[in-house]
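Q: Got a sequence here, can you build the structure:
(2 chains)
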Amino acid sequence: MKLIVRQGLDKVFTVLTGTAVVVLSLVLLVILGPMIVKGTSAVLFHGTVEFRRMQQALFNRGSQGQLAAEVAETKAARQKVYDLIDAFKQGIDTESLKDQAGRIHRQFGQELQDKGIQGEQYTALRSISRDIRTRLEQAFDSRDPNGIQQDLAYVLGFADDPRFRGTAAEGFFRIARQFQKAAGRVDVARRGQYATALAEVEGIVAELLGPRPGSPMPPLVRQQYGATRWEQAQAILHRFSFTEQWVEDQPGRPLIRREVRRREQFAGTDLEPLFDYVPGHLSEMLRPSLTIYWQFLIDDSVESHTFGGVGPELLGTLAITLLGMLFVVPLGVISAAYLVEQAGDNWAVRTIRMCINTLAGVPSIVFGLFGLAFFVLTLLPALGLEPKACVLAASLTLAVLTLPVMIRSSEEAIRAVPQTYKEGAFALGASPFRTFVTVTLPAALPGILTGVILSLSRIAGETAPVLFTGAVAMGRVPHSALEPTRTLSYGSYDMAVGDRIAMMFPHNQYGMVVTLVVLILALNGLAIVLRTRVFKRLKGH
Amino acid sequence: MDIRRPTPVRAERRPSVPETPQEASCPCSIIRSEGFSLYYGAKAGVKDVTMEIYPCRVTAIIGPSGCGKSTFLRSINRMNDLIPHVRTEGRLMLDGHDVCDKRTNLVSLRQQAGMVFQKPNPFPKSIFDNVAYGPRLQGVRKGSDLQQIVEQGLRAAALWDEVKDDLSKSALALSGGQQQRLCIARALATKPRVLLMDEPCSALDPIATRRIEDLMEQLKTEYTIVIVTHNMQQAARVSEWTAFFCLGELIEYDRTDKIFSNPAHKQTEDYITGRFG
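A: Okay, here's the model as predicted:
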């Protein structure tokens, strides 16, 4: 081959390799980038006053006085929203007006008794009151504008009657006048539609701003607060401004979804200004500010990851990982030492080697089932313990899972130690065991640490083996190795497949995944630093 | 018995006499091989060697590759035990004790007969830990004692002045020649009677070789040195006695000047003059 051809080929290979590396990193970036960005938003985001309220109430963080002042400031901006809704409601919400009329009627009767009015006069006044109530109810229920006006005119005919002056019955006339005004503006024929649409608007406003002041506190924590995050508020605002409708595009074709401005539903009503007010004053009402919520890593979660963080998951993962390493590292190194130093080359040893190689390729779910059958259902009862999933069983299962990897890498590392080191130790009179412990093992340490790194990532990240042996989606931080725990891997899985509530909070979902990735990277980083230091010490640089 | 007759091939095996303390402390020889043979399975590595090695002398073993000289050397401190299916015949006495005896305490045997290998093989530990390895095996724990032993060892191996400032440095950071002297220091730290050197200079440059040879010159006042070498000039330079091995057999064993000036055997002469080997 000519030199120039060879050089050319060399260049081509260099370019190809470089391209491959760049493409790989880009793919990695494309896949991991968005995930990391979304996961980071669990910690770094624009938190609203609702977030600070939640933090104060659930975790007792932040200054109480400052928060109270902030809430007071937002209150003024929010009041306008409630006022607009109330004004509109009066023409719509006839049920509450009916209740009001009934209450006034009873109150009026009580007043008459208190004044000592009895006999015919009492009966007459009661009957007029009953009559007024009936006519009002009729008006509230009616969809005929003329009928309503007639009923209201009848009621208001008693307004100048001196017998009712200064009594509770004046309430009748007040609501009658209000309703007269409201009914004049609202298309009473569409009152039912308005009522439904208004209920929806009120629901969205509650999501955005939290429960209305003065209303009873909802039992679910996630309903006790409005939008805690600014981007969440933006999403809710979109739902506030637009409504989805399924419309027929072409006859006979499936319906298609279309977004319609919600204000069109309320065109011409008292509520229309709300659709300008809310978008314009949203930041006044929620006061977003940049928040670093590092406590995400230590906080317990509230109501399936609605609020809070991944503290128990992080702790559980660390516990299972470290306990698993405690089992797998000594076991792996001892097995490898036996295979290299002691075992000869007979069919038994060859079978063991083959088994190890095969085990390294067994799917992890199989190990999970093995762990369930052996550790949970057999070993624990045999030790007189309750056969239930627990940290111990999970870490044992994971240890078994990674044992082949650990043995293989330790074996390679021990085999790679030069025979001359061993000879040197033997020549000084050291026993084989002593030689292994004092010379071979330290020299093999960097290679063994490589196995540790591989096992560590596997143990911390595996989901299937802990599924049956030690992980739960809910529950407290384990107090002993005999209790189940939450883990990051299983938590991510659970949130992805099972938990619809959690899916409403994707930042927490991504946050958990990224926490897992970062945890594994950090553990690996630690092991790599350790390996480098050991290596440097051995090489004497 | 200063001068032995040139050992004939298949020398008559001497009647084995029970050892007495008087004989064991006999100044004439420290290592005595009596009809010693070593087999790898069925193949003989060393065949029926009978010779004596004298204290405070440098004895060189020369011969072509595969002639069994290293095997013989390694038999003295039983390093061949590591190889499976090894079997020995005859006797190999160190200080009057048969090293091939199953009851021989390997630890004390190997401390009696220190070994230096072809390739410098310091442990991947600090210089201090390397030299202190043997004494620690013997049970020396006290820091000040170890300090003293390490210093003595390094001084004896003429390495002290070069490394005294940084004993915690990794041994692998030293140069090849320094590493080999460190290995010598490591072997000396167990206070052996015999120093077995298996081609100690073959991986070193001429200057490092020179230093090792000077060192051997100093060491032979206190230690018995057995050196296996391919380098005949080296054997002529450093040794008082030279044994010539060929195909597992001891062909000739005599004073070095005699071997190199007037060998009794044709084979020896051919080897020395380069016509064979």
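
Q: check contacts around residue A:488.
A: By CB atoms under 8 Å, 6 or more residues apart in numbering or on different chains, the residues touching residue A:488 are A:310, A:313-314, A:316-317, A:460, A:512-513, A:515-516, A:519. C-beta: built from backbone N, CA, C; applies to glycine.

Q: what's the closest non-adjacent residue to it?
A: Nearest non-adjacent residue to residue A:488, counting by CB to CB, 6 or more residues apart in numbering or on different chains: residue A:516, 4.0 Å away.

Q: likewise residue A:229?
A: Nearest residue to residue A:229 in three dimensions, chain neighbours excluded: residue A:45, at 5.4 Å (CB to CB, 6+ apart).

Q: Just list whatever residues bridge to that neighbour.
A: Residues found in beta-bridge contact with residue A:45 (criterion: DSSP bridges) are residue A:291.

Q: tell me the contacts of it?
A: With CB under 8 Å, 6+ apart as the criterion, the residues that contact residue A:45 are A:229-231, A:290-291, A:293, A:507.

Q: With residue A:473 instead?
A: Shown in contact with residue A:473 (CB under 8 Å, 6+ apart): A:304, A:486, A:490-491, A:494, A:498-499.

Q: 6 Å instead, please
A: Residue A:473 makes contact with residue A:494, according to CB atoms under 6 Å, 6 or more residues apart in numbering or on different chains.

Q: And for residue A:427?
A: Residues in contact with residue A:427, defined by CB under 6 Å, 6+ apart, are B:110, B:115.

Q: What of the one 3 residues further on?
A: Taking CB under 6 Å, 6+ apart as the criterion, residue A:430 is in contact with residue B:137.

Q: Kindly recompute the last result at 8 Å.
A: So residue A:430 contacts A:438-439, B:107, B:133, B:137 (CB under 8 Å, 6+ apart).

Q: Can you pick out the most distant pair from those residues?
A: Comparing every pair within the contacts of residue A:430 by CB to CB identifies A:439 and B:107 as the most remote, at 15.4 Å.

Q: Compare the two (neighbour count), which wins?
A: Comparing residue A:439 with residue B:107 by other CB atoms under 10 Å in any protein chain shown, the one with more neighbours is residue A:439, at 23 against 17.

Q: Quick check: closest non-adjacent residue to the more buried one.
A: Leaving out its chain neighbours, the residue that sits closest to residue A:439 by CB to CB, 6+ apart is residue A:425, at 4.6 Å.

Q: now the end-to-end length of stretch A:40-54.
A: 20 Å (CA to CA, to the nearest Å).

Q: so residue A:332 makes contact with residue A:406?
A: Yes - counting by CB atoms under 8 Å, a contact exists between residue A:332 and residue A:406, whose distance comes to 3.0 Å.

Q: Give the intersection of the neighbour lists for those two.
A: Common neighbours of residue A:332 and residue A:406, using CB under 8 Å, 6+ apart, are A:451, A:455.

Q: any chance you could read off phi and psi for the residue in the stretch 101-250 of chain B that chain A sits nearest to?
A: At 2.4 Å from chain A, residue B:170 is the closest residue in the stretch 101-250 of chain B, using CB to the nearest CB. Dihedral pair for residue B:170: phi -70, psi 140, per degrees, to the nearest 10.

Q: try the one 3 residues further on
A: According to degrees, to the nearest 10, the main-chain angles of residue B:173 amount to phi -80, psi -10.

Q: Point out where chain A drops to low pLDDT.
A: Applying pLDDT under 70 to chain A flags residues A:91, A:185-186, A:188-189, A:499-503, A:540-541.

Q: Ok, chain B next?
A: Low-confidence regions of chain B, defined here as pLDDT under 70, cover residues B:1-27, B:276-277.

Q: Pull up the residues of it that are close to chain A.
A: When proximity is defined by CB under 8 Å from any CB of the partner chain, chain B lies next to chain A at B:77, B:79, B:82, B:106-111, B:114-115, B:117, B:119, B:121-125, B:133-134, B:137-138, B:169-174, B:183, B:186-187, B:190.

Q: So which of the residues you listed sit within helices?
A: Assignment to helices by DSSP state H places the following of the residues of chain B next to chain A there: B:106-111, B:133-134, B:137-138, B:183, B:186-187.

Q: Kindly write the PyMOL command that selects the buried subset of the residues you listed.
A: Selection of the buried residues among these in PyMOL, burial being defined by 16 or more other CB atoms under 10 Å in any protein chain shown:
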select buried, chain B and resi 106+107+109+110+111+133+134+137+138+183+186+187
